[in-house]
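Visitor: Everything below, folded, please.
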Amino acid sequence: MQKKAFTLSEILIALVVIGIVAALTIPALIENHNQKAWSTASSVFKKKLEEATKQMNAEGTLAGYSSTRDFINELQKHIKINKICAPDKLYQCFSDEIMWGDEKIELNKMHQTRHWGLDDWNTELIGLQFSNGVNGIIAYNPNCQQDQFNNQITGTNCIAMLYDVNAFKRPNSNGKDLGSINIATLNNVCVANINGNCYSKAFLPERITYDECMKIKDKLGIKSCMIQYNIDGEYWAGAVKRCGGVSNMPTKENLTEIYEYMHKGNYDENLNLFGLDYFPTYVHTHNLFSGIESNYYSAVAIDLRSGKFHQTSNNTPENGEYRWSQYVYAVCIE
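Guide: I've put the predicted structure just below:
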């Protein structure tokens, strides 16, 4: 009986089919394997971090720090950290660009908790490289609570963190090799880059009390707290607090360049870009604080419609002046 052999063309066709099937299935198998590996690594890392902060709670060393750096000094006694990176050098510990959902995020300008939507924390971001190969950026909540006799406190409410179980390797994407703890939001810092200056989205500052202002004024570069007898507090100092200091507030020259930028293009579109809203007609609209204190219990601001500078008063209506400051926006220089 004569045996039939495969022809060369049949063998080639079979190889092509096998190649196509492999091309379709192998990437999916690799992706599935990677996803399982990242998920496992994330769970292990979070468990170790939880154990470390839980031990800190048991020892009474979890709460009471005013900065992220002070907290890390204690944390590294409980979990091995190979490298610590300052707020302005996070790129040495973490990828400077990541994917957060569908948005590409640049991390090189992020250095304060306000960049993560945690305005009331008012602490810095610090980069870390752990001995298990995980890279992270961490922030500490100075308002965190501890109870040495409560073994249910894990300490995770005391920190916010972005971590990468894949170190500097790609994909650097949230939900894959990236994980997060207590991050409220993560958006690109610069809404406008004007003449090399990176400006944040505009915001209405929250007022702070005289006592709070006195506690932070030297650290933030505030010369005087002007509202000891004003029960409504001071909005300008609240803006300085959120920006992390007077040095991160615009100068008059900076405000002038913002004004010129606003009027070069579509004014309404630029208002939307900065996140500025309209107020009732009885107040001046679209004013921005500078970082300059003025006399007579006020700070210098610019009217973005006219480009004119004026003083914003924190005096009470009983003193004959309206409290314009509550309607004045602020932006930070990142």
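
Visitor: burial count for residue 125?
Guide: For residue 125, the neighbour count with other Cβ atoms under 10 Å is 26. Placement of C-beta: from N, CA and C, glycine included.

Visitor: what do you get for residue 206?
Guide: Every residue meeting other Cβ under 10 Å relative to residue 206 is counted, giving 13.

Visitor: Thought residue 236 was touching it, still the case?
Guide: No. Using Cβ atoms under 8 Å as the test, residue 206 is too far from residue 236 to be in contact (11.4 Å).

Visitor: quick one: contacts for the closest residue to residue 192 other than its chain neighbours?
Guide: Closest residue to residue 192 apart from its sequence neighbours, by Cβ to Cβ, 6 or more residues apart in numbering: residue 199 at 4.9 Å. Taking Cβ atoms under 8 Å, 6 or more residues apart in numbering, we find residue 199 in contact with 190-193, 250, 258, 274, 331-334.

Visitor: Can you tell me which of those is nearest residue 130?
Guide: Of all these, residue 130 sits closest to residue 334, with 27.4 Å by Cβ to Cβ.

Visitor: In the chain, which helix is the longest?
Guide: Ranked by number of residues, the top helix in the chain under DSSP state H is helix 8-59.

Visitor: Next secondary structure after that one?
Guide: Next helix or strand after helix 8-59 toward the C-terminus (DSSP states H and E): helix 68-75.

Visitor: Quick check: which helices or strands does that following helix pack against?
Guide: For helix 68-75, the packing partners by 3 or more Cβ pairs under 8 Å, 6 or more residues apart in numbering; DSSP states H and E come out as helix 8-59, strand 81-85, strand 126-130, strand 135-140.

Visitor: All the helices of the stretch 201-334 of the chain, in order from the start?
Guide: Here the stretch 201-334 of the chain has its helices, by DSSP state H, counting those that start in this stretch, at 210-220, 235-243, 252-264, 267-274.

Visitor: lowest-confidence stretch among these?
Guide: Among the helices of the stretch 201-334 of the chain, helix 267-274 carries the lowest mean pLDDT, a mean of 84.

Visitor: I'd like to know which elements it is packed against.
Guide: helix 252-264.

Visitor: hang on, the earlier thing: tell me the most buried of the helices of the stretch 201-334 of the chain?
Guide: helix 235-243 (a mean of 26; mean count of other Cβ atoms under 10 Å).
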